[in-house]
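Engineer: Provided below are the primary sequence and the corresponding predicted coordinates.
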Amino acid sequence: MNEEIHVRIRNVLIDKIQSEIRPEDLKRDTPLIEFGVGVDSIATLELLVALESEFQITIDEDEVNQELLENIDCIAEYIIKRIEVST
Amino acid sequence: MSVVPDLLRKTVKKYPDRTAVVEGEKSVTYGTLYSMVEGFSSFLKSRGVGHGDRVAILLPNSIEYIVCFFGIARLGAISVPINAAYKEEEMNFYISDSSPRIVLTDETLKQLAEKTTANNSTRVFVIKGDKADWSYSNHYKSNDIDNSIEPNDEAIFLYSTGSTGKPKRVSRSHYNLVALADNHTQTVGWTEEDKILFTVPLQHTYALGNFISGIKVGTSLYVLGTFNRNKVIDLIEGESITVFPAVPFMLNVLAETYLKKPGDFSSLRLVISAGSPLSKEVFHKFHGKFGIYPRQLYGSTETGVISINLCEDIEDKSDSVGRPVKNVEVKIFLDNGSIADTNELGEIAVKSPSMADGYDGLPDETSKAFRGGYYFTGDLGLIDEDGYIKILGRKKQFINISGNKVNPREIENLIIRHSKVKEIAVFGVKDSEGNELVKAVIVPKKEMNMKEVFDFCQGRIADYKIPRIIEFRKSIPKSPTGKVLIESLQ
């Protein structure tokens, strides 16, 4: 399940936010700040909306900070918790 | 003739026990709000603030923000609202330009306020939070406040971004603001039963017009410090919000936000969209989720509210910003100074009792924009056969290609239809010989190249209109209200 979640997060990042990233450049621990993730609040909100839609969960933007968006692993950890809360 | 404090005073007399402002768990009635304003005015006076002094407000949307605004007006002093999202460099400009005697802020923004006022005599007071210098409970004394405010006294300084250069200071008088509230309320038909949700910043002219209008008729104002989708949705549903002023970005995000179960948004009767053009896509998407169509409002820092689209057949007129609000006149002027015919494109000019006289300290800019009793908006548009205004571009952003005028909005509207294009901004740039060229900055949804854009445009628009320069970016810089910052793209 975890691997599948990582892949889906990577796809959301590539498809919705960072269209210029090649999948091979985006590893689980790649710092997302290098691609501007989390820098712009509007772009961050768009990412959260896309993740909500992908995983059918609700995310409170007040809980989201730069640490949570540090890399795919961190996002996955948060998503898994949210899925657990939802089920 | 009324002045700003009268707006509140009259409502308090009618509805002292009705809820005035709600912020999270806190709420105050109109009677309490009035007492807070009186007490806060007294506090300001004791700190040396008097008639004509400038007082900066560096606060997010909150009960305290509203207390500050009316408390300052009560003394005949001038509010200088500063966007709480601004950074140090931006703050430096506003402090230096407005020279406030005092900055009012909260604990989180105190450090920034102190840093930007360190080299002058401006004092900083925290008025929100546990360590506030003022609180309602320990300062209430109103018998030492004079009432010598005149309608033509300055009430607020706002700043107009403009398309180039530094922000221009716009001073609006008590008369202007009272007229603004009159014009708006006579048009939208709000009553004391309405509940308005403010997540757009109260510092901005858009929210200012709506919030003082809400106070004038005794509505309940729900304020959120920042835009939080889930809180907005919860409030609309849980508190039966009836009016929601927003910007298109917010409407789009709300429409796309995942909901576990369908919500009940039937209380909403007016959703306002302003700040930037509302696309057909967002218009329909928002309706699909919330069951109500957003209605475009048009306004400016210089004039306040100009028009709102209250058309019954809104689907047919969704691209219009509506008809002028009460007491406001809108004309379309051609380049030769004559007035345009119905459906003829020209510059939108406004005559309104709520508009400013000009830009402070900028006589050249003033004489260009304020002529013959009108404010020339720089927006290009037309008025249709039913009196509805459509905005079709910006005059300054028209691109002159060898004598052929190109409307950038037309090119944007075309290219945005390409399935790979997420966002686009089109504008003119000059080559080394001074000739204007069409440039497009595109935020793609997925990988795309320039040839795809050329192929898409060819055959759809005249060859000279096809962008010569295409740049792909990850985002397009915008102002807090969503206005594209063209100057930073050029």
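Structural biologist: Right, received. Where do you want to start?
Engineer: tell me, how many residues neighbour the residue of chain A found nearest chain B?
Structural biologist: Distances between chain A and chain B by CB to the nearest CB are smallest at residue A:52, namely 3.9 Å. Quick note: C-beta positions are derived from backbone N, CA and C, even for glycine. Neighbourhood size, residue A:52 [other CB atoms under 10 Å in any protein chain shown]: 20.
Engineer: can you classify it by secondary structure?
Structural biologist: helix (DSSP: H, G, I helix; E, B strand; the rest coil).
Engineer: gap between it and residue A:45?
Structural biologist: Going from residue A:52 to residue A:45 by CB to CB, to the nearest Å gives 11 Å.
Engineer: what do you get for residue B:75?
Structural biologist: Taking CB to CB, one finds residue B:75 at 39 Å from residue A:45.
Engineer: repeat for residue B:324
Structural biologist: From residue B:324 to residue A:45 the distance is 34 Å (CB to CB).
Engineer: now swap in residue A:68 and tell me
Structural biologist: According to CB to CB, residue A:68 and residue A:45 sit 14 Å apart.
Engineer: just list the residues touching residue B:400, thanks.
Structural biologist: Applying CB atoms under 8 Å, 6 or more residues apart in numbering or on different chains to residue B:400 gives the contacts B:406, B:428, B:436.
Engineer: surely it is in a strand?
Structural biologist: Yes. Counting by three-state DSSP, one finds residue B:400 located in a strand.
Engineer: who's it bridged to?
Structural biologist: residue B:405 (DSSP bridges).
Engineer: distance check, it against residue B:429.
Structural biologist: Applying CB to CB, the value for residue B:400 to residue B:429 is 12 Å.
Engineer: between the two, which contacts overlap?
Structural biologist: With CB under 8 Å, 6+ apart, residue B:400 and residue B:429 have common neighbours residue B:436.
Engineer: pull the CA atoms of the lowest-mean-pLDDT helix or strand in chain A into PDB?
Structural biologist: Lowest mean confidence among the helices and strands of chain A (mean pLDDT, DSSP states H and E): helix A:41-55, at a mean of 85. The C-alpha coordinates for helix A:41-55 follow below in PDB (Å, rounded to 0.1, in the frame of the first residue of the first chain):
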ATOM      1  CA  SER A  41       0.600  29.500  -0.800                       C
ATOM      2  CA  ILE A  42      -1.600  29.400  -3.900                       C
ATOM      3  CA  ALA A  43       0.300  26.600  -5.500                       C
ATOM      4  CA  THR A  44       0.400  24.700  -2.200                       C
ATOM      5  CA  LEU A  45      -3.400  25.000  -1.900                       C
ATOM      6  CA  GLU A  46      -3.700  23.600  -5.400                       C
ATOM      7  CA  LEU A  47      -1.500  20.700  -4.500                       C
ATOM      8  CA  LEU A  48      -3.600  20.000  -1.400                       C
ATOM      9  CA  VAL A  49      -6.800  20.100  -3.400                       C
ATOM     10  CA  ALA A  50      -5.300  17.600  -5.900                       C
ATOM     11  CA  LEU A  51      -4.200  15.300  -3.100                       C
ATOM     12  CA  GLU A  52      -7.600  15.400  -1.500                       C
ATOM     13  CA  SER A  53      -9.200  14.500  -4.800                       C
ATOM     14  CA  GLU A  54      -6.700  11.700  -5.500                       C
ATOM     15  CA  PHE A  55      -7.000  10.000  -2.100                       C
END
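Engineer: got the buried residues for that helix?
Structural biologist: Of the residues in helix A:41-55, A:43, A:44, A:45, A:46, A:47, A:48, A:49, A:50, A:51, A:52, A:54, A:55 count as buried by neighbour count, 16 or more other CB atoms under 10 Å in any protein chain shown.
Engineer: hmm, back to that, of the contacts of residue B:400, select the buried ones using a ChimeraX command.
Structural biologist: In ChimeraX syntax, the buried subset of the contacts of residue B:400 is picked out as below (16+ other CB under 10 Å):
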select /B:406,428,436
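Engineer: dump the contacts of residue B:400 into TSV; add pLDDT and distance to chain A as well.
Structural biologist: Below are these laid out as TSV (pLDDT from 0 to 100; distance: CB to the nearest CB, whole Å):
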residue	pLDDT	distance to chain A
B:406	76	28
B:428	87	26
B:436	75	29
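Engineer: save the contacts of residue B:400 as JSON lines, and put in distance to residue B:3 too.
Structural biologist: Below are the contacts of residue B:400 laid out as JSON lines (distance: CB to CB, whole Å):
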{"residue": "B:406", "distance to residue B:3": "47"}
{"residue": "B:428", "distance to residue B:3": "45"}
{"residue": "B:436", "distance to residue B:3": "48"}
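Engineer: looking at the contacts of residue B:400, which is nearest residue B:115?
Structural biologist: residue B:428 (38.6 Å; CB to CB).
Engineer: which one is that closest one nearest to, not counting chain neighbours?
Structural biologist: residue B:399 (3.6 Å; CB to CB, 6 or more residues apart in numbering or on different chains).
Engineer: interface residues of the stretch 301-450 of chain B facing chain A?
Structural biologist: Proximity of the stretch 301-450 of chain B to chain A, by CB under 8 Å from any CB of the partner chain, involves residues B:444, B:445, B:446, B:447.
Engineer: so what's the first one bridging to?
Structural biologist: The one in question is residue B:444. Beta-bridge partners of residue B:444, as defined by DSSP bridges: residue B:421.
Engineer: relative to residue B:276, how far out is it?
Structural biologist: Distance, residue B:444 to residue B:276, using CB to CB: 20 Å.
Engineer: these two: who's more crowded?
Structural biologist: residue B:444 (20 against 15).
Engineer: counting neighbours, what do you get for the residue in the stretch 201-350 of chain B that chain A sits nearest to?
Structural biologist: Nearest residue of the stretch 201-350 of chain B to chain A, counting by CB to the nearest CB: residue B:258, 3.9 Å away. Per other CB under 10 Å, the neighbour tally for residue B:258 reads 18.
Engineer: just the one 5 residues further on next, same as before
Structural biologist: Around residue B:263 there are 15 other residues, counting by other CB under 10 Å.
Engineer: surely it is in contact with residue B:235?
Structural biologist: No. Judged on CB atoms under 8 Å, residue B:263 makes no contact with residue B:235 at a distance of 11.2 Å.
Engineer: and for residue B:125, the neighbour number?
Structural biologist: 17.
Engineer: would you list the phi and psi of it?
Structural biologist: The phi and psi torsions at residue B:125 (degrees, to the nearest 10) take the values phi -130, psi 130.
Engineer: could I get the contacting residues of it?
Structural biologist: Here residue B:125 is in contact with B:47, B:102, B:103, B:104, B:105, B:133, B:134 (CB under 8 Å, 6+ apart).
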